[in-house]
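**Q** Show me the folded form of this:
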Amino acid sequence: MDTIATGAGVLIAVLLLVLLGLVIIVSRLFRKVEQGKALIISKVRKVDVTFTGAIVLPVLHKAEVMDISVKTIEISRMGKDGLICRDNIRADIRITFFVRVNKTVEDVIKVAQAIGAERASDQATLQELFNAKFSEALKTVGKHLDFEDLYTKRAEFRDRIISVIGTDLNGYILE
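**A** Residues are numbered from 1 along each chain as shown. Predicted coordinates for the structure are as follows:
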């Protein structure tokens, strides 16, 4: 009876050591993701996106973190580049747009494949990507409003700009 108890004790000790080893391995391989970020894991055959965390195997997977929080893009039209209104008055205007990567798996993958996870969060890259589109929207809407309307009908001005820009920002969303 004594040898059976000793054997059972050894078996339990070995199982506990194996379990402890598994817990240590999983804790080393698990990557948590902060709020406002997404973890993109490039696996052998597919790409996974998680907003909380996942196990990343060092040799088989490549993991990148993308910042999906809100970023600002400021468009400034001053002096000779000012906005020309319907009544042919040139207006100096500065507008701030708030954009972020849409928090869906498809959009995060689309942005990562198009410009890369690191560049997607870079302020200069965002300015470069959206400056022309946002400036063109400002010109288009400005031509339909009088100079006075730019200041008195700000909500209408904002709504018209949003309708001209649209929702198709290649994985980004306008806040």
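**Q** Lowest-scoring secondary structure element of the protein by mean pLDDT?
**A** Across the helices and strands of the chain, mean confidence by mean pLDDT, DSSP states H and E is lowest for helix 147-152: a mean of 84.
**Q** Go through stretch 114-128 and flag the buried ones.
**A** By neighbour count with 16 or more other Cβ atoms under 10 Å, stretch 114-128 contains the buried residues I115, A117, R119, A120, S121, L126. Every C-beta, even on glycine, is put in place using the N, C-alpha and C of the backbone.
**Q** Beyond the longest helix along the chain, next helix or strand please.
**A** Counting by DSSP state H, the longest helix found in the chain is helix 2-29. For helix 2-29, the succeeding helix or strand toward the C-terminus, using DSSP states H and E, is strand 30-32.
**Q** hmm, who's touching the helix or strand following that following strand?
**A** Using DSSP H and E, the helix or strand that follows strand 30-32 in sequence is strand 37-42. Identification of contacts with strand 37-42 by Cβ atoms under 8 Å, 6 or more residues apart in numbering yields 31, 33, 47-51, 53-54, 56, 61-69, 101, 103, 108-109, 112, 117.
**Q** ok, and for strand 37-42, which residues are buried?
**A** For strand 37-42, by 16+ other Cβ under 10 Å, it's K37, A38, L39, I40, I41.
**Q** check contacts around the closest residue in space to the last one that isn't next to it in sequence.
**A** Counting by Cβ to Cβ, 6 or more residues apart in numbering, I41 lies nearest to D48, which is 4.6 Å off, once chain neighbours are set aside. When the contact criterion is Cβ under 8 Å, 6+ apart, the partners of D48 are I40, I41, A54.
**Q** Same list (those) but as JSON lines, adding pLDDT.
**A** JSON lines is the format used below for those (pLDDT from 0 to 100):
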{"residue": "I40", "pLDDT": "94"}
{"residue": "I41", "pLDDT": "93"}
{"residue": "A54", "pLDDT": "91"}
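**Q** can the residues you listed go into a markdown table with extra columns for distance to R86?
**A** Listed next are those as a markdown table, based on distance: Cβ to Cβ, whole Å:
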| residue | distance to R86 |
| --- | --- |
| I40 | 46 |
| I41 | 51 |
| A54 | 53 |
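**Q** Looking at the residues you listed, which is nearest T3?
**A** For the contacts of D48, the residue nearest T3 by Cβ to Cβ is A54; the value is 45.1 Å.
**Q** partners of the strand or helix carrying that closest one, with directions?
**A** Element membership of A54, judged by DSSP H and E, is strand 53-55. If you go by DSSP bridges, strand 53-55 pairs up with strand 30-32 (antiparallel).
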